[in-house]
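No letters, just coordinates:
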């Protein structure tokens, strides 16, 4: 898993991506579904934090052409892809034991969340980054009003992503209704 340490210098090229060998996927509890599902939830939370970082930073590429930032976001997506595979394998291993109906539903929810998070990472790196680069390469600029609308939309996407994760963790129906 990757941990992100940002130096508060304002220069993105001074960001360091530090490999952290720690994972929440605890193999010692794999045959205790309730604990294993909690471990998978923690790892999905970590994966979602990486996606949150990518979501928050991609908007800046629409305003400036920063090749180093594009590469940094691609490396973060590589981390998401790796987490995606590890989590899916871990969840598949959990299902080898007998699960209650509630545990089976939770395992499916976590698998779906993991897949969707990985898809968001792909959208950022395969659609948004190339689109932003194309805008920058053609020296196109948003109108003031267009930029305001884009950043407001971006803000809504970030907030909704956080709400969706909160629903996954808490199961809170009132929060889920806010997403609709």
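Here it is on my side, so go on. Computed from a prediction, not measured in an experiment: that's the story for all the values here.

Please report the distance of residue 25 from residue 85.
11 Å (Cβ to Cβ, to the nearest Å). Every C-beta, even on glycine, is put in place using the N, C-alpha and C of the backbone.

I should have written residue 60 there, sorry.
Where residue 85 is concerned, residue 60 sits at a distance of 29 Å (Cβ to Cβ).

Likewise for residue 130?
From residue 130 to residue 85 the distance is 24 Å (Cβ to Cβ).

Same question for residue 149.
The span separating residue 149 from residue 85 equals 37 Å under the rule Cβ to Cβ.

Could you do residue 39 as well?
16 Å.

now swap in residue 125 and tell me
With Cβ to Cβ as the criterion, residue 125 and residue 85 are 16 Å apart.

one step back: can you pick out the residue with more neighbours from residue 39 and residue 85?
More neighbours surround residue 39 than the other of residue 39 and residue 85, with 21 against 12 (other Cβ atoms under 10 Å).

Looking at that one now. What's its pLDDT?
Per-residue pLDDT puts residue 39 at 96.

just residue 9 next, same as before
In this prediction, residue 9 carries a pLDDT score of 36.
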